[in-house]
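Trainee: task: produce atomic coordinates for the following.
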Amino acid sequence: MMPRKSENKAMLVIDLAMVALLIVNLLLISFDWMFSLEEVNRFFASQTPVFFRFYNSNVHDHFLTIDLVFVAIFLTEFTISWIVASVRHTYHRWFFYPFIHWYDLLGCIPLNAFRVARLLRIITITYRLHQLRVFPLEKTYLYRKAKKYSEIILEEISDRVVENIIDQAQAEVKEAGPTLDKVVKEVLRPKQGLIVEWASEQLRQGVELSFEQQKGDIRDYLQHLISDAFSRNKNVSRLEQIPMAGKALTSTLEKAIVDIVYNIADTSMRDLASPRNRALVVGATEIVLGAIERKEEDSSLHPIILDIIFEILEMVKKQVSYTKRWKIKELREKGILPETT
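Mentor: Numbering: from 1, shown residues only. Here you go, the predicted structure:
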């Protein structure tokens, strides 16, 4: 059942009245507590004797009775709110209300240890008024300061928790615990297909781009190597001595060999730059992951991977430790750091 506007206004008036009564009551409790102190009592008796006699005889001596009047008002409001919540079916069961608003009941106990709970009542009502936009807390100095320092405390606590977790992970890595096996089995193995696809595409693009750009240099390099080999080969020298056709024959043979070698290199590069390279990448990936898993058979790769994981964790820990979001936010608010776009 949705409450009518008139009902909302009535509840709003009650909330405002309760906040006012609670503030008066808590101020009265605080003042009476201070009045009970010997030094304060003497001060009022000497400096304001009229006020001292009035307060002592009319308020302090009957403070419990006065407080019970406030308690009666609070209990009446609590009962009315309980009935309204039950009629509106605010909670799943009618008897949930006193358990959810336990601080209201505790605050009604007329003992100093429980009277502090009335402060919680002020906080909850104020927050409700804030949600209704009657009392915008974000515009108040105390709210901004409380929010700022609560964010600082939460960030510092969360940073310490993260650092402790990373320390534990590093200790396990140092002891060659199951961390690496879990990384392989639970992280890398399920993503092996994606890793292969990515590596294949990177290999294809790299080979295609670099080979296309350096085709001329590769051919010139092969020409130089083969020409040098021809000049130092005795059999080629004998061919050059054949009358009339020797020079042409060796020149034709040299060009043919250059073309053959270049075509082999070109075809090999094109194969690497084609989707067929996936089989090669699959095999290479399987060899690497298999070597990590068979740590007892490959003692050189396992510690390298462990060191990499340890260093990554160390970098994350330093980043968490050095990056203070609350400090960056404060510097931006002061105009020292530019706002991010």
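Trainee: now the nearest residue to E163 once chain neighbours are set aside: which helix or strand?
Mentor: Nearest residue to E163 in three dimensions, chain neighbours excluded: K317, at 5.5 Å (Cβ to Cβ, 6 or more residues apart in numbering). For glycine as for every other residue, the C-beta is placed from the backbone atoms N, C-alpha and C. Using DSSP states H and E, K317 sits within helix 301-322.
Trainee: thought Y91 was touching P98?
Mentor: No. Judged on Cβ atoms under 8 Å, Y91 makes no contact with P98 at a distance of 10.4 Å.
Trainee: touching both of these two, which residues are there?
Mentor: Residues touching both Y91 and P98 by Cβ atoms under 8 Å, 6 or more residues apart in numbering: none at all.
Trainee: the residue nearest to E163 and V161, how far apart?
Mentor: 12 Å (Cβ to Cβ, to the nearest Å).
Trainee: more crowded one of those two?
Mentor: K317 (19 against 11; other Cβ atoms under 10 Å).
Trainee: so how far is L26 from that one?
Mentor: 46 Å.
Trainee: got it, and S227?
Mentor: 101 Å.
Trainee: the two - which one has more neighbours?
Mentor: L26 (18 against 13).
Trainee: got the domain ranges for the protein?
Mentor: 5-139, 180-298 (automatic domain parsing).
Trainee: can you tell me which of the ones you listed is nearest to A146?
Mentor: domain 5-139 (9.1 Å; Cβ to Cβ).
Trainee: can you give me the strands in the stretch 151-300 of the chain?
Mentor: For the stretch 151-300 of the chain, no strands are identified by DSSP state E, counting those that start in this stretch.
Trainee: which stretches of it have low pLDDT?
Mentor: Along the stretch 151-300 of the chain, segments meeting pLDDT under 70 span 172-181, 183-184, 187, 201-208, 211, 236-246, 269-284, 286-300.
Trainee: what are the ranges of the helices in it?
Mentor: Using DSSP state H, counting those that start in this stretch, the helices of the stretch 151-300 of the chain run over 179-182, 192-213, 215-232, 234-240, 246-272, 277-293.
Trainee: list the buried residues of the third one.
Mentor: Residues 219, 222-223, 226, 230 are the ones in helix 215-232 that count as buried (16 or more other Cβ atoms under 10 Å).
Trainee: so what does it touch, helix or strand wise?
Mentor: helix 246-272 (3 or more Cβ pairs under 8 Å, 6 or more residues apart in numbering; DSSP states H and E).
Trainee: list the helices and strands the helix it packs on packs on?
Mentor: Helix 246-272 packs on helix 192-213, helix 215-232, helix 234-240, going by 3+ Cβ pairs under 8 Å, 6+ apart.
Trainee: having no further points to raise, I will conclude here.
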